[in-house]
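Undergrad: Sequence first, predicted coordinates after that:
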Amino acid sequence: MAGGKSETPVSLSDRELQIIDLVAAGLTNQEIAGKLEISKRTVDNHISNILTKTETENRVALVRWALQWGKVCLNDVNCCLLPKQIE
């Protein structure tokens, strides 16, 4: 994995990047829905679209993809600029 990669091979929206960050943090779809104040079904649809766009088969593969492309920051490792978090 090369450092400094900033351009992904796919285009993801800010919302999709937020959801990837929350998946990487270990939240369930229901927890993500509550945090973002959207329905669980909307989260399910976002995750399905993200998996398709990133050509990953599951949440673990998605987090690995996000780490490879510098899209998540876990425990101050692989830190990058993330979309503004909703609190």
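TA: Ah, there it is.
Undergrad: lowest-confidence helix or strand of the protein?
TA: Using mean pLDDT, DSSP states H and E, the weakest-scoring helix or strand in the chain turns out to be helix 59-68, at a mean of 93.
Undergrad: buried set for that helix?
TA: Across helix 59-68, burial judged by 16 or more other C-beta atoms under 10 Å covers 59, 62, 63, 65, 66, 67. Backbone N, C-alpha and C define where each C-beta goes, glycine included.
Undergrad: Need those in TSV (columns: distance to residue 43).
TA: TSV is the format used below for the buried residues of helix 59-68 (distance: C-beta to C-beta, whole Å):
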residue	distance to residue 43
59	12
62	13
63	16
65	18
66	16
67	21
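Undergrad: show me where this protein has helices.
TA: Using DSSP state H, the helices found in the chain span residues 14-24, 29-36, 40-54, 59-68.
Undergrad: What is the third one packed up against?
TA: Which is helix 40-54. Packing partners of helix 40-54 (3 or more C-beta pairs under 8 Å, 6 or more residues apart in numbering; DSSP states H and E): helix 14-24, helix 29-36, helix 59-68.
Undergrad: Reformat those into CSV and put distance to residue 42 next to each item.
TA: Converted to CSV, the helices and strands packed on helix 40-54 look like this (distance: least, C-beta to C-beta, whole Å):
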stretch, distance to residue 42
helix 14-24, 9
helix 29-36, 7
helix 59-68, 17
